[in-house]
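Student: the following block contains a protein sequence and its predicted model.
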Amino acid sequence: MALVRGKPFGGRTLPWADPVVQDMLSRITDTAHTLARWQTDSTRPDLDAARHTVHKALEVEETSETLYRDLLTIERAAGSNTAIRRTAARIQQMARTYDITLEDTTEHTITLVLSSKPAPTGAHTMQV
């Protein structure tokens with residue numbers, strides 16, 4: 001993730017590059033998701049590293065529901081209710097801005113992490 005420095009091609013719209021940009025965004029998202037899960041699910045979780053990984057990827061692909069779900073999972077594992085509420089609000093704002101209907105999985109994750117139920121043992125392994 002250290003190699004990711006902003007949006008591909010500086011965010012410029014180059015019609016010939018659309019397929020390349022989409023491939024790059026998919027790879028960045030997939031890599032960030034995998035790293036965040038490894039960092040969160042390990043026997044010695046590094047939630048700060050996982051959080052940093054997801055934030056870095058969201059700078060590039062701000063509409064990735066997978067990354068937002070990862071972030072909600074990380075914040076739940078960290079017990080950070082303020083960050084959970086902030087992330088949920090950010091997801092909802094993103095959906096309004098881009099006129100996106102959130103996936104059922106995302107809606108379920110938001111409902112779950114906003115519930116007053118304490119995180120179960122092994123919360124960092126919550127499947128989303």
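Tutor: Yep, it's here.

Student: and the longest helix along the chain, what's buried?
Tutor: As assigned by DSSP state H, the longest helix anywhere in the chain is helix 18-41. For helix 18-41, the neighbour count (16 or more other CB atoms under 10 Å) marks V21, M24, L25, I28, T29, A32, H33, L35, A36, R37, Q39, T40 as buried. All C-beta spots, glycine's among them, are computed from the backbone N, C-alpha and C.

Student: whichever helix or strand comes after it: which residues count as buried?
Tutor: Remark: after helix 18-41, the chain's next helix or strand is helix 47-60, criterion DSSP states H and E. Neighbour counts over helix 47-60 (16+ other CB under 10 Å) mark L47, A49, A50, R51, H52, T53, V54, K56, A57, L58, V60 as buried.

Student: please convert the residues you listed to JSON lines, extending it with pLDDT and distance to L71.
Tutor: Below are the buried residues of helix 47-60 laid out as JSON lines (pLDDT from 0 to 100; distance: CB to CB, whole Å):
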{"residue": "L47", "pLDDT": "97", "distance to L71": "11"}
{"residue": "A49", "pLDDT": "95", "distance to L71": "13"}
{"residue": "A50", "pLDDT": "97", "distance to L71": "9"}
{"residue": "R51", "pLDDT": "97", "distance to L71": "7"}
{"residue": "H52", "pLDDT": "95", "distance to L71": "11"}
{"residue": "T53", "pLDDT": "95", "distance to L71": "10"}
{"residue": "V54", "pLDDT": "97", "distance to L71": "5"}
{"residue": "K56", "pLDDT": "94", "distance to L71": "11"}
{"residue": "A57", "pLDDT": "94", "distance to L71": "10"}
{"residue": "L58", "pLDDT": "95", "distance to L71": "8"}
{"residue": "V60", "pLDDT": "91", "distance to L71": "14"}
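
Student: centre of the chain to stretch 38-46, how far?
Tutor: Mean-position distance between stretch 38-46 and its chain equals 16 Å (CA atoms, centre = their mean, to the nearest Å).

Student: no further queries at this time; thank you.
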